[in-house]
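Undergrad: predicted model and sequence follow; I will ask about them next.
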Amino acid sequence: MKLRGLRVAVGLAAVAGAASPALALETEYVPEEVTTETPDHLDGWSHQLDLGAALQVGGSHSVAGQTDGTTVTLSANIAYAGSMWRGSHELRLTGLLSEAVSRTPVVDDMVKSADVLSLESVYFFHVPGAPWIGPYVRASGRTSIFDGVDVRSGDVVYVRDGETLTPRDRLLLTRSFAPTYLKQSAGVFARPQEATAITVDIRLGAGARETLADGSYVVDDDGATAEIEVKALQTYMQAGAEGALEAYGTADEGAVSYGARAEVMIPFYSSVETDLDAIAATNIEIGANFGARLNDWASVQYQLGLLRVPQILEEWQVTNSLLLSFGYSYTRTPSAP
């Protein structure tokens, strides 16, 4: 408002100053055109919130290669994406809660099939004169809310910490909020492409990671034995070099969103001793997502995640979900002054 009032005052003063000579010379006065530059980003907050839930029911009877019975899956997602601009400062916040339970003819219990809670905050400073590059600071966390249980269709023998347990059809592996993965990093970023359809972020820097996993286990079965071996996880901290590549965008006025990312962290320090060298101990995280709003109350969402943390588990941890959900979507963007 102050800036607008100043412009009005200057404009009125210019017209008043020009009025007298214009009348004396009886010529038409044409004021100079005033131009204003529109910023690339409007200052303020942008929010995107998606709430969804789905129920899937399927059954089979006398089908070759399938167990007779009914399969039921219940799932729910809460996804948030927010961004704030203040001049050269950009803050980006994201959050995801994804939960699903399933019951199959093989296991006649509702078993957790998805349980992810993740939060991330990234701050970018865009260098004046070269806004596509600058320093960044990032912090993120990922965990599970509920206990993790390995469930079998019949009694099996588990071997845990060298101890052979009595036969059972399930074993508690992890407690709530375990394991928890924390990340912090800082460095420089480059954004060579920025548009609604596709934006590309490249980040290089130094980072630290903490895994809080005391009292947690993961199935690490040796197929050559009849028993089911489980491996104890441990809490540790790493520090090293980090690199990330991320591409994301929207189409159809935001009704369709998509993205992909790849992140690598080469540890040069570890709080626990390991036989792995820096390359073999490299942490890799790959992800992709796609979402489309079919109408005001229905949407389809797909998420893929690949995680390799050699000090936790040498195998790739793969998660993917396809969800046709019915829920609520809210979008808010800053308006032009």
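TA: Received, thanks.

Undergrad: Ala53 touches Gln301, doesn't it?
TA: No: with contact defined as Cβ atoms under 8 Å, Ala53 and Gln301 do not form a contacting pair (11.6 Å). All C-beta atoms are positioned from the backbone trio N, CA, C, and that covers glycine.

Undergrad: give me the sheet partners of the helix or strand encompassing Gly291 and which way each runs.
TA: In this assignment (DSSP states H and E), Gly291 forms part of strand 283-293. The strands that strand 283-293 pairs with in its sheet are strand 256-270 (antiparallel), strand 298-309 (antiparallel) (by DSSP bridges).

Undergrad: which stretch among the ones you listed comes nearest Asn77?
TA: Closest approach to Asn77 among the strands paired with strand 283-293 (Cβ to Cβ): strand 298-309, 6.6 Å.

Undergrad: what sits in contact with each of Ala53 and Gln301?
TA: Common neighbours of Ala53 and Gln301, using Cβ atoms under 8 Å, 6 or more residues apart in numbering, are Asn77, Ser325.

Undergrad: more neighbours: which of these two?
TA: The neighbour comparison of Ala53 against Gln301 (other Cβ atoms under 10 Å) goes to Gln301, with 21 against 15.

Undergrad: measure that one to Ala251 for me?
TA: Noted for Gln301: a distance of 15 Å to Ala251, by Cβ to Cβ, to the nearest Å.

Undergrad: how close does Gly205 get to Ile266?
TA: 12 Å.

Undergrad: mutual contacts of these two, please.
TA: Ala241, Glu242.

Undergrad: could you tell me the least trusted of the strands paired with strand 283-293?
TA: Least confidently modelled of those is strand 298-309, at a mean of 88 by mean pLDDT.

Undergrad: hmm, Val149 is touching Arg175, no?
TA: No: between Val149 and Arg175 there is no contact under Cβ under 8 Å: 10.6 Å.

Undergrad: any common contacting residues for the two?
TA: With Cβ under 8 Å, 6+ apart, Val149 and Arg175 have no common neighbours.

Undergrad: which non-adjacent residue is nearest Gly187?
TA: Gly205 (1.7 Å; Cβ to Cβ, 6 or more residues apart in numbering).

Undergrad: and stretch 52-67, how far apart are its ends?
TA: Taking Cα to Cα, to the nearest Å, the first and last residues of stretch 52-67 lie 30 Å apart.

Undergrad: show me the chain divided up by domain.
TA: 1-36, 44-332 (automatic domain parsing).

Undergrad: show me where the stretch 201-337 of the chain has strands.
TA: Here the stretch 201-337 of the chain has its strands, by DSSP state E, counting those that start in this stretch, at 217-219, 228-232, 236-251, 256-270, 283-293, 298-309, 313-332.

Undergrad: okay, buried residues for the first one please.
TA: Put plainly, it is strand 217-219. Tyr217, Val218 (16 or more other Cβ atoms under 10 Å).

Undergrad: repeat that for the last one.
TA: The neighbour-count criterion (16+ other Cβ under 10 Å) identifies Ser321, Leu323, Ser325, Ser329 as the buried residues of strand 313-332.

Undergrad: what does the second one give?
TA: Of the residues in strand 228-232, those scored as buried under the neighbour-count criterion (16+ other Cβ under 10 Å) are Ile228, Val230, Lys231.

Undergrad: what does stretch 175-183 give?
TA: For stretch 175-183, by 16+ other Cβ under 10 Å, it's Ala178, Pro179, Thr180, Tyr181, Lys183.

Undergrad: I'd like the residues you listed as CSV, with distance to Arg191 and pLDDT appended.
TA: Shown next, in CSV, are the buried residues of stretch 175-183 (distance: Cβ to Cβ, whole Å; pLDDT from 0 to 100):
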residue, distance to Arg191, pLDDT
Ala178, 36, 92
Pro179, 33, 91
Thr180, 30, 94
Tyr181, 26, 92
Lys183, 21, 95
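
Undergrad: show me which of those is closest to Thr70.
TA: Ala178 (32.3 Å).

Undergrad: surely that closest one touches Ala213?
TA: Yes: if you go by Cβ under 8 Å, Ala178 and Ala213 touch, sitting 6.2 Å apart.

Undergrad: show me the contact partners of stretch 147-158.
TA: By Cβ under 8 Å, 6+ apart, stretch 147-158 touches 106-107, 109, 111-112, 115, 164-176, 216, 219, 226-230.

Undergrad: apply 10 Å and report the result again.
TA: The set of residues external to stretch 147-158 that reach it, using Cβ atoms under 10 Å, 6 or more residues apart in numbering, is 67, 104-112, 115, 164-179, 216-219, 221, 225-230.
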